[in-house]
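Colleague: Build the 3D model from these lines:
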Amino acid sequence: MFLIFNHSLTDSQKIDAMQNFNVEEFVNMPQDLKEIWNQIPAEISKDKLEDLLVPFIKWIKKYGSSGDIALIQGDFVSSYLLVNFCKEFGVLPVSSTNRRVAQEKIEGNKVHLLHTFEHVIYRQY
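Modeller: Numbering: from 1, shown residues only. Here you go, the predicted structure:
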């Protein structure tokens, strides 16, 4: 399973992938791609975004093959573009659905939110 998202997998995510998709290996992005994926520039156009994603596509092409799985979550348009590429390439794109619990703390004019996420299932795009 290619991991194209900004977090570390939880044990429940790993177990789910192994049990329901027969995943044998989890493949993290190289550090340079992680740095890009962690902060996709908000101000760039779709054309420039497509250029920015070329190294991700090359990485998937180099190490992936038809029947592999990719967990893709992050910037919406970037995810959309990589999901479409994966579908065309024969890699199954999935997202992790989660239960979310939010705790809010107000300090003067600031609101602090603590979000806790719990994996439920993988959903195919």
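Colleague: Can you report phi and psi for the most far-flung residue of the chain relative to its centre?
Modeller: The C-alpha centroid of the chain is most remote from Gly108, which lies 34.9 Å away (C-alpha atoms, centre = their mean). When read as degrees, to the nearest 10, the backbone of Gly108 gives phi 60, psi -120.
Colleague: and what of Glu43?
Modeller: phi -90, psi 0.
Colleague: Tell me how many other residues crowd it.
Modeller: Counted with other C-beta atoms under 10 Å, the neighbours of Glu43 add up to 5. Where C-beta positions appear, they are placed from N, C-alpha and C, glycine not excepted.
Colleague: Distance-wise, check it relative to Leu49.
Modeller: 10 Å (C-beta to C-beta, to the nearest Å).
Colleague: Just confirm Leu81 contacts Leu53, I think it does.
Modeller: Yes: between Leu81 and Leu53 there is a contact at 5.8 Å, judged by C-beta atoms under 8 Å.
Colleague: The top helix by length along the chain packs against which elements?
Modeller: In the chain, with assignment by DSSP state H, the single longest helix is helix 76-89. Applying 3 or more C-beta pairs under 8 Å, 6 or more residues apart in numbering; DSSP states H and E, one finds that helix 76-89 contacts helix 46-52, helix 54-63, strand 69-72, strand 92-107.
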